[in-house]
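**Student:** heads up, no residue letters with this:
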């Protein structure tokens, strides 16, 4: 186990490697270049990322799919079940509750919360929607470690506080607002406005304006 | 205008600064520390990020909100209207079509596509759903520069190809798959599995397992 701090981007790539690897037969042996090509990076990057965690390859051959899948799953702590709570059951929250990418044995949505009285007590995908006020009480009971916030921006900080009060150590935030959390809580933001504005910036560098004063050679 | 390459993370932070700034009265003057505190970073980081693009502050005082909002909007190319197309009108696509964060004057969803005959011809939020096959023809006509992919993983690469054929230069991909795009096309991935697996990794470093062989001193 590494004692030094692993860059977050490396951990993100491990997740991407793992998904790519799962498309191959378990007994296949892949070179770092073959794996790199599947995910649009370089063989050197793959080797560097994996080297943080140990030596998983067969010298001169590459990586056996089954073994690397096991190792990456263990490193990413996918060898256990994480309990999730989703707060804010509007259109986006409902979409996430039914999202195939979230229907995984490692990540189990055990609770949903909203403050709309017409939603409380109903079920989406067999998950009972509870009152947001109950978060701090319900979470420890249902062994929930990860919270997903899909509320409007105004409500998100209060919801984050309640999640943390309920013992959550990781938050995935879709609300368009920067949340303040204690440093032992890991916060990841999915920020659509920011993604679009970053695209806008890069596109403006590559799309030439229609009207230009002169013509370049 | 800078001639050197700006780190993507800096561009992302500009977007976050801009959102924070909009909450203040236009005539307010903010120090870099005050702005930093709003978004959970340091004054030094704010100054470094802005310095890539010029000198926007009033020496010894800080930044006038109105002026900095204007400058950041211009840098992020939000002084124009970008045309968007959304492909894959399932639950997630529908949620995005109605998502308040995407209802902005700078980003206009002008077209939606799906391959389900029962959806084609209907409207969501007044946007007509067209056949995915029409993407390459419809996009130039509607002046669309950005594509959002919310299809299942299997369909995403084909959709990306069609978007690029239709002239799209920026893609926001929600499908859980790595897409191959030419290097002049800017691709951003919103990858929920990866976000969760990264959380899982970091949480496993901080949550002690229940059963341990010995007890640490």
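**Tutor:** Sure, I can see it. Note that the structure is predicted; figures quoted are calculated from it, not measured. Numbering: from 1, shown residues only, chains lettered A, B, ... in the order given.
**Student:** which residue ranges of chain A form strands?
**Tutor:** A:29-30, A:63-64, A:82-87, A:107-114, A:123-124, A:127-131, A:146-149, A:170-173, A:186-189 (DSSP state E).
**Student:** and the longest one, anywhere near chain B?
**Tutor:** The one in question is strand A:107-114. Yes. With Cβ under 8 Å from any Cβ of the partner chain as the measure, strand A:107-114 is seen reaching chain B through residue A:107. To be clear about C-beta, it is placed using only N, CA and C from the backbone, and glycine gets the same treatment.
**Student:** any residues touching that strand, and which ones?
**Tutor:** With contact meaning Cβ atoms under 8 Å, 6 or more residues apart in numbering or on different chains, strand A:107-114 is reached by A:81-90, A:93, A:97, A:102, A:120, A:124-125, A:127-132, A:134-135, A:138-139, A:142-144, A:146, A:148, A:159, B:196, B:200.
**Student:** for residue A:162, give its distance to chain B.
**Tutor:** Using Cβ to the nearest Cβ, to the nearest Å, residue A:162 is found at 18 Å from chain B.
**Student:** pull the number of nearby residues for that residue.
**Tutor:** Neighbours of residue A:162 under the rule other Cβ atoms under 10 Å in any protein chain shown: 21.
**Student:** contacting residues for the nearest residue to residue A:100 once chain neighbours are set aside?
**Tutor:** Counting by Cβ to Cβ, 6 or more residues apart in numbering or on different chains, residue B:152 is the residue found nearest to residue A:100 once chain neighbours are left out, at 7.4 Å. Contacts for residue B:152 (Cβ under 8 Å, 6+ apart) come out as A:100, B:88, B:175.
**Student:** wait, residue A:137 touches residue A:166, no?
**Tutor:** Yes. Using Cβ atoms under 8 Å, residue A:137 makes contact with residue A:166 at a distance of 7.4 Å.
**Student:** so for the two, which sits in the more crowded spot?
**Tutor:** residue A:166 (21 against 12).
**Student:** give me the neighbour count for the nearest residue to the more buried one once chain neighbours are set aside.
**Tutor:** What sits nearest to residue A:166 in space, not counting adjacent residues and going by Cβ to Cβ, 6+ apart, is residue A:139, at 3.1 Å. Residues within reach of residue A:139, counting by other Cβ under 10 Å, total 24.
**Student:** and the gap between residue A:102 and chain B?
**Tutor:** With Cβ to the nearest Cβ as the criterion, residue A:102 and chain B are 6 Å apart.
**Student:** check contacts around the residue nearest to residue A:72 when sequence neighbours are not counted.
**Tutor:** Spatially, and ignoring its direct neighbours in sequence, residue A:72 is nearest to residue A:18 (4.4 Å; Cβ to Cβ, 6+ apart). By Cβ under 8 Å, 6+ apart, the contact list for residue A:18 reads A:69, A:72-73, A:76, A:78, B:197.
**Student:** so residue A:11 sits against residue B:202, correct?
**Tutor:** Yes. Counting by Cβ under 8 Å, residue A:11 touches residue B:202, with 7.5 Å between them.
**Student:** flag the shaky bits of chain A, pLDDT-wise.
**Tutor:** A:1-4, A:207-217 (pLDDT under 70).
**Student:** buried members of the contacts of strand A:107-114 into ChimeraX, please.
**Tutor:** A single ChimeraX command selects the buried members of these (16 or more other Cβ atoms under 10 Å in any protein chain shown):
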select /A:82,83,84,85,86,87,88,89,90,93,97,102,120,124,127,129,130,132,135,138,139,144,146,148,159 /B:196,200
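**Student:** quick one, helices of chain A?
**Tutor:** With helices called from DSSP state H, chain A shows them at A:8-21, A:32-39, A:43-51, A:65-75, A:91-97, A:135-141, A:153-165, A:192-206.
**Student:** most packed of the ones you listed?
**Tutor:** helix A:91-97 (a mean of 23; mean count of other Cβ atoms under 10 Å in any protein chain shown).
**Student:** what about that one and chain B, any contact?
**Tutor:** Yes. Applying Cβ under 8 Å from any Cβ, one finds helix A:91-97 touching chain B at A:91-92, A:94-96.
**Student:** list the contacts for the nearest residue to residue A:184 once chain neighbours are set aside?
**Tutor:** Setting aside the residues directly before and after it, residue A:184 is nearest to residue B:206 in space (Cβ to Cβ, 6+ apart), at 6.3 Å. If you count contacts by Cβ under 8 Å, 6+ apart, residue B:206 has them with A:169, A:184, A:186.
**Student:** counting neighbours, what do you get for the first one?
**Tutor:** By the other Cβ under 10 Å criterion, the neighbourhood of residue A:169 contains 21 residues.
**Student:** next, give phi and psi for it.
**Tutor:** Backbone dihedrals for residue A:169, given as degrees, to the nearest 10, come out at phi -110, psi -10.
**Student:** separation between it and residue A:9?
**Tutor:** Taking Cβ to Cβ, to the nearest Å as the measure, residue A:169 falls 21 Å from residue A:9.
**Student:** also the last one?
**Tutor:** Distance check for residue A:186 against residue A:9: by Cβ to Cβ, it reads 15 Å.
**Student:** and what of the second one?
**Tutor:** Relative to residue A:9, residue A:184 is positioned 21 Å away (criterion: Cβ to Cβ).
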